[in-house]
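Colleague: quick one: sequence plus predicted model below, questions after.
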Amino acid sequence: MTKKERHIPSVFDKMSQWETNRRNFLRSALVAGAASQIAWFTSCSKQLEAANEYLTAEQSTILKSILMIIFPEDGNGPSAEDLNSFGYIMWILSDEYLPQEEKDFVIEGLDWANEQALAIYTEKFVDLEQQQHESLVELFVAHSYGKKWMNVMVNFTLESLLLDPIYGGNVNEAGWKWLEHVPGLPRPTKETTFDAILLKHKPTVV
């Protein structure tokens, strides 16, 4: 099987700059809030094979597995499942203000993870055991593409830990409670969400 060469968007050539941009977004969102249209993501099924309008069932399964490796259910704080990190990333994929190539990078990385599983274990990622998933993730960071992709996943998972629950992550303020963080007031509302503010100030095309 010929491996498909995966493209790394130029925005990720300088990860430090991208991470700075995401931190700026994080600071803005902590003040303004973000998406109110993601309620259906927060209640999505726990069945890993569930697909949605952004990911296939297989891609969804791979993403959930990797997020649980980043933030496992180990008794040392909330897991990615507790935080609904998956739902938060679905909001990111729905964000009309995020460049399409960055969304594509997230999705293509899931296919790349599956290709690596096939190359190393001759089985699809979804058919492997947990220990094999963990071994694969360790191998990913030894590859330039995999390292950048995992950096992005870790950043998004941390955002789901820190942001206001209106984003879809940090369910029941689990991240804040773990960090003993007291959020500032006033909290964001539908009218003051990050995307609502951007939409309000979006230039009118004549």
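Modeller: Cool, got the structure.

Colleague: make it CA atoms for all contacts and neighbour counts henceforth
Modeller: Noted.

Colleague: so what's Glu81 up against?
Modeller: Glu81 makes contact with Met68 under the criterion Cα atoms under 8 Å, 6 or more residues apart in numbering.

Colleague: please redo it, this time with the cut-off set to 6 Å
Modeller: Contacts here follow Cα atoms under 6 Å, 6 or more residues apart in numbering; on that basis Glu81 touches nothing.

Colleague: and if you look at Val141?
Modeller: Counted by Cα under 6 Å, 6+ apart, Val141 has contacts Lys147.

Colleague: and it, its phi and psi?
Modeller: phi -70, psi -10 (degrees, to the nearest 10).

Colleague: let me know the pLDDT of Asp95.
Modeller: Per-residue confidence (pLDDT) for Asp95: 86.

Colleague: and for it, the neighbour number?
Modeller: Around Asp95 there are 15 other residues, counting by other Cα atoms under 10 Å.

Colleague: same question, Pro165
Modeller: Pro165 has 25 neighbours, counted by other Cα under 10 Å.

Colleague: one more: Val106?
Modeller: Val106 has 18 nearby residues by other Cα under 10 Å.

Colleague: same deal with Leu139?
Modeller: Neighbour tally, Leu139, other Cα under 10 Å: 13.

Colleague: alpha carbons of the strand or helix carrying it, as PDB, please.
Modeller: Taking DSSP states H and E as the definition, one finds Leu139 inside helix 130-140. Extracted in PDB, the C-alpha atoms of helix 130-140 (Å, rounded to 0.1, in the frame of the first residue of the first chain):
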ATOM      1  CA  GLN A 130      -5.600   0.400  24.200                       C
ATOM      2  CA  GLN A 131      -1.900  -0.400  24.800                       C
ATOM      3  CA  GLN A 132      -1.400  -0.300  21.000                       C
ATOM      4  CA  HIS A 133      -3.100   3.000  20.800                       C
ATOM      5  CA  GLU A 134      -0.800   4.400  23.400                       C
ATOM      6  CA  SER A 135       2.300   3.000  21.600                       C
ATOM      7  CA  LEU A 136       1.100   4.600  18.400                       C
ATOM      8  CA  VAL A 137       0.700   8.000  20.000                       C
ATOM      9  CA  GLU A 138       4.300   7.800  21.300                       C
ATOM     10  CA  LEU A 139       5.400   7.000  17.800                       C
ATOM     11  CA  PHE A 140       3.400   9.900  16.300                       C
END
